[in-house]
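Visitor: below: sequence and its predicted model.
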Amino acid sequence: MAVMEQQDTPLMQQWRAAKASSQGAIVFARVGDFYEMFYEDAELASRVLGLTLTSRNNGGAAEVPLAGIPVKACSEYLRRLVQRGYRVAICEQVEDPKLAKGLVRREVVETITPGAAFADDLLDGTRHNFLCALRLAGSGDGAVIGVAAADVSTGEFRLAVAPRRDADAWLARLSPREVLIARGAEDDRHLHGLDGVLVTEREAWEFDPSLARDDLQRQFAVHSLEGFGLGPSDEAAVGAAGALLRYLRELQPGGLPHLARPSVERAGGTMPLDEMTRRNLELVESLRPGGDVDGERAGTLLGVLDRTQTPMGARLLRQWLLAPLVERDAIDARLDAVSAIAADALARETLREALDGVRDVERLASKAAAGRATPRELRALGDSLGRLPQVKQALERLLADGGATGRLADVAAKWEDCAELCSEVSNALVPRPPLQLGDEATIAPGTDAELDELRALRDGGKDAIAEIQAAERARTGIQSLKVGFNKVFGYYLEISNAHRERVPDDYQRRQTLTGGERYVTPALKEYEEKVLNAAERIELRERALFEALRTRAGAEIARLQVIAARVAELDVLAALAEVAEREGYVRPALTDGFDCDVVGGRHPVVERMMAREKFIPNDLRLTEDSRLIILTGPNMAGKSTILRQVGLIQLMAQVGSFVPATRATLGVVDRLFTRVGASDNLVRGQSTFMVEMTETSAILNTATRRSLVLLDEIGRGTSTYDGVSIAWSVSEHLHDQVGCKTIFATHYHELVALADELSAVRNMTVAVREVGDQVLFLHRLIPGGADRSYGIEVGRLAGLPAPVLARAKEVLALLEGEGANMANALDRGGSPSAERRAPSTGRRSALGARRSTGSQLGLFGLEEPTHAPAPPHPVVESLKTVDPNNLTPMQALELIARLAAEAQRS
């Protein structure tokens, strides 16, 4: 900085101390009714926020850059800074300026970052705001990553240890706003889940598990972490948790009383969803630019299923979608609950109406525990608790109708509603409290006798003055005596000169007038002090009463967090039941077997974007004997929609939701892989084809026999021949080595020959109908393979100019002719082309032969001949001498008979 510390004023010295304790943060220093920023903070804020940059002489001859914002407008400026990834340290005046001796004391009371925020305008109510810490342990195939995640707005605290290969899936599920890594941990920084996330480096020693154990034990007042289910194998997560706690204490010097005891998640209970699957299935974010008009959820599965009534429920539903279950009993428990709620329309409506009045109990309770809840927020907490008896009544009705079993019975058995806290809050606060203390009345009348007296004193001043005046007239007998007030003397008694002799001895003269005198008495001055100080004393008393009530509510944080979790689960189950009934979904039958059998399956998102009767349902069956489907068909026929449809139905079932189908019997899968579409990644320096191959490699290296793999157009990012080769070999590997359920949508029609080579491969296509020059897409899945893509017809639908379409037809005819000539030349040696034209011959295709002989793949997917060309066929030689124009009908018939006999002999 340009100015030496010895030149600083006391205010700038305070600012420097705050800046030193908040490395990397913009310091908002409270100065009266403004937050002021200095030096580089002011310069940055002027650029980012569009503030006027000015200066102040704060030491010596130096001009200190200065920018300021009003305290009342702080939230908007904070939101803009935090959303752009900046940290902001709030340096508050921590003593009353009226009572301060010298400069008002200032301290940093909190540092706000993208991952650590309480204010509603910095948060999305429908999703968690996680701050994560990561610690990598081990190497090679045994490497694991420890994850610690905390949402300071709710108090939720999670720990997990996952295989290093699943780290991206865990981060995608948490969607953190900020991540802590050890300084120099480049391997952590390269995690795909960190794209677009604020990465904060911390010293490596902060991730030490032994130090972290001590920190965790102190935070939660326990002697051992075994009670949390943490053992020696969880060292990576414990180390990450220690670094996270240290960072949070720096950000929140007041402590973390609302941080819940850590929940430990184990790999194996839920399905890891990698980035490509989450993106391709559009679970919570749409791929379409501008399609996220509804909180980034329009056009997503979350947008279809989210009929929740509470913010807690919306957050939990998002978690469920990103972490499908893999244990059938747990899935069936959720499905049982959804079935019970769906079956009783009246109870379901009653339950949803009761939930509709419940606010964000989780975040309101956390604010109360952290001492941040405003009067209006505390009242909202009380009102929400007041709705819980109605929720409980609706739940009991469901149990009475369906029997006390399953998840609903578990929720009911552990139900509590904090009725005593609800009563205290509702009785103590006015029905509509102000946003901030002091704006209007906060504490309800009748709550506190002292407060009521002060209010009566303030509001009943005129009556009290009249009473004093009447009493003094009676005492002195002077009927003209009156009580008056001015700013110089305050309240006084005015008596005319005619009655001077009757003035009592305890009257004290204050002012002489032409026609009389003004006096005061000890009783009048005492009353005056009460009246003049009543407003200030009312504010102080209200603050004391409110803070005591807030502390009382904060002390119940553990109970309130349990209540919020119960309400959230009920809300999600009721929402899934509501969607199932409204959209015509059915309960899937989950098995531990292999088969996947869907009858009348529909895409849950696409069918909502069009009239129901226009969406064409499709049947699909995958078994051990037909586990790999080669799906061909023209462009625009709906192959990608069918792929996504199958993936979404499987995922919805394992979340515990009913599915869009007429009937569905599904084997539980351990992983779901979806590679649909193509895109490059300029940030990672990867081309379209590199991204495609990286994603395919991840599938081949991770998928198991219990997985479901959905592939679209593998290999199209490179040349046709390389693409066919890769697609062919990938299919073979999935069939022979992995053995999982697979659907492979492709425009490489050469791949239909796989059905002749691999026992469990089946060909399916999406039907079309040609009417003259028009093509009708029927969107119906049928057995068999397609032989063309109708790309020119799609170009016509897209509006390509007529000359372009005409020329495209000419080029296509030329290319197809050359391909046919080449195929004819090679057919004598056997090829996939010959096999497709005559599938009944049973001859082994050239590509199939290649698997055993290792011969080269040739042009158009045909085998390159490795020997001299065969001599011309006699029939062909005979045809060369024939002139069709000179043949009579009888001669033509004789010729055909002769050539046929010759062909049979050869």
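Guide: Alright, I've got the coordinates. Computed from a prediction, not measured in an experiment: that's the story for all the values here.
Visitor: and E528, what does it touch?
Guide: G490, Y491 (Cβ atoms under 8 Å, 6 or more residues apart in numbering). C-beta here means a position set from N, CA and C on the backbone, and glycine is covered the same way.
Visitor: that one falls within a strand, correct?
Guide: No - read with DSSP: H, G, I helix; E, B strand; the rest coil, E528 is helix and lies in no strand.
Visitor: against V488, how distant is it?
Guide: 13 Å (Cβ to Cβ, to the nearest Å).
Visitor: then D712?
Guide: 87 Å.
Visitor: of the two, which one has the most company?
Guide: Between D712 and V488, counting by other Cβ atoms under 10 Å, D712 is the more crowded of the two (22 against 7).
Visitor: pretty sure that one is in contact with S640, am I right?
Guide: Yes - D712 lies in contact with S640 (Cβ atoms under 8 Å); the separation is 5.6 Å.
Visitor: run a quick neighbour tally on V676.
Guide: When neighbours are counted by other Cβ under 10 Å, V676 comes out with 23.
Visitor: for it, list the residues it contacts.
Guide: N280, S640, L643, R644, L710, D712.
Visitor: which residue ranges of the stretch 1-150 of the chain form strands?
Guide: 25-31, 34-38, 54-56, 64-70, 87-93, 106-112, 131-137, 144-151 (DSSP state E, counting those that start in this stretch).
Visitor: can you list the domains in the chain?
Guide: With domains defined by automatic domain parsing, the chain comprises 5-112, 124-266, 306-417+563-583, 449-551, 589-800, 872-906.
Visitor: worst average pLDDT in the ones you listed?
Guide: Ranked by mean pLDDT, these bottom out at domain 872-906, with a mean of 72.
Visitor: return the set of buried residues in that one.
Guide: By 16 or more other Cβ atoms under 10 Å, the buried positions in domain 872-906 come out as L899.
Visitor: next one: stretch 142-161
Guide: 144-161.
Visitor: that one: end-to-end distance?
Guide: The first and last residues of stretch 142-161 sit 12 Å apart, counting by Cα to Cα, to the nearest Å.
Visitor: what about that stretch, distance to the chain center?
Guide: Offset of stretch 142-161 from its chain centre (Cα atoms, centre = their mean, to the nearest Å): 16 Å.
Visitor: likewise stretch 529-538?
Guide: Distance, centroid of stretch 529-538 to centroid of chain: 50 Å (Cα atoms, centre = their mean).
Visitor: could you dump it to CSV, C-alpha only?
Guide: This file holds the C-alpha atoms of stretch 529-538, laid out as CSV (Å, rounded to 0.1, in the frame of the first residue of the first chain):
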residue,chain,number,x,y,z
GLU,A,529,-37.6,11.8,32.2
LYS,A,530,-39.8,8.7,32.0
VAL,A,531,-41.6,10.1,29.0
LEU,A,532,-38.6,11.4,27.1
ASN,A,533,-36.7,8.1,27.6
ALA,A,534,-39.6,5.8,27.1
ALA,A,535,-39.0,5.2,23.4
GLU,A,536,-35.4,4.4,23.9
ARG,A,537,-36.1,2.2,26.8
ILE,A,538,-38.9,0.5,24.8
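Visitor: which residues sit against that stretch?
Guide: L451, L454, R455, L457, R458, G461, A464, G490, Y491.
Visitor: check contacts around the spatially closest residue to the first one that is not a sequence neighbour.
Guide: Think L451. Spatial nearest neighbour of L451, chain neighbours left out: R541 (4.9 Å); criterion: Cβ to Cβ, 6 or more residues apart in numbering. Contact analysis of R541 by Cβ under 8 Å, 6+ apart lists I443, D448, E450, L451, L454.
Visitor: closest to R509 among those?
Guide: L454 (31.1 Å; Cβ to Cβ).
Visitor: contact partners for the closest one?
Guide: By Cβ under 8 Å, 6+ apart, L454 lies in contact with A534, R537, I538, R541.
Visitor: roughly how far apart are it and R379?
Guide: Taken as Cβ to Cβ, the span from L454 to R379 is 22 Å.
Visitor: do E43 as well
Guide: Remark: distance between E43 and R379 (Cβ to Cβ) = 42 Å.
Visitor: what about the closest residue to E472 other than its chain neighbours, neighbour count?
Guide: If the residues on either side of it in the chain are set aside, E472 comes closest to L481, at 5.6 Å by Cβ to Cβ, 6+ apart. Using other Cβ under 10 Å, L481 is surrounded by 22 other residues.
Visitor: again with A412
Guide: 16.
Visitor: can you tell me which residues contact the closest residue to it other than its chain neighbours?
Guide: Leaving out its chain neighbours, the residue that sits closest to A412 by Cβ to Cβ, 6+ apart is L395, at 5.5 Å. Listed by Cβ under 8 Å, 6+ apart, the contact partners of L395 are L351, L408, V411, A412, W415, L570.
Visitor: filter the contacts of stretch 529-538 to the buried ones?
Guide: Neighbour counting over the contacts of stretch 529-538 (16+ other Cβ under 10 Å) leaves L451, L454, R455, L457, R458, G461, G490, Y491 as the buried ones.
Visitor: and of those, the nearest to D883?
Guide: Closest to D883 out of these is L451 (118.9 Å), distances taken as Cβ to Cβ.
Visitor: buried residues in stretch 532-548, which are they?
Guide: Those buried within stretch 532-548 under the rule 16+ other Cβ under 10 Å are A534, R537, I538, R541, E542, L545, F546.
Visitor: kindly report the same for stretch 778-787.
Guide: So, applying 16+ other Cβ under 10 Å, buried residues of stretch 778-787: H779, R780, L781, G785, A786.
Visitor: residue closest to the middle of this protein?
Guide: R127 (4.9 Å; Cα atoms, centre = their mean).
Visitor: can you give me the distance of it to L174?
Guide: Separation of R127 from L174 (Cβ to Cβ) stands at 10 Å.
Visitor: higher neighbour count, E43 and R379?
Guide: Under the criterion of other Cβ under 10 Å, the comparison of E43 against R379 puts R379 first, with 22 against 16.
Visitor: would you mind confirming that the more buried one makes contact with E424?
Guide: No - the pair R379 and E424 does not pass the contact test of Cβ under 8 Å, sitting 11.7 Å apart.
Visitor: one step back: using a markdown table, please lay out the strands of the stretch 1-150 of the chain together with distance to P874.
Guide: Formatted as a markdown table, the strands of the stretch 1-150 of the chain follow (distance: least, Cβ to Cβ, whole Å):
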| stretch | distance to P874 |
| --- | --- |
| strand 25-31 | 91 |
| strand 34-38 | 96 |
| strand 54-56 | 101 |
| strand 64-70 | 96 |
| strand 87-93 | 87 |
| strand 106-112 | 89 |
| strand 131-137 | 72 |
| strand 144-151 | 71 |
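Visitor: no further questions, thank you.
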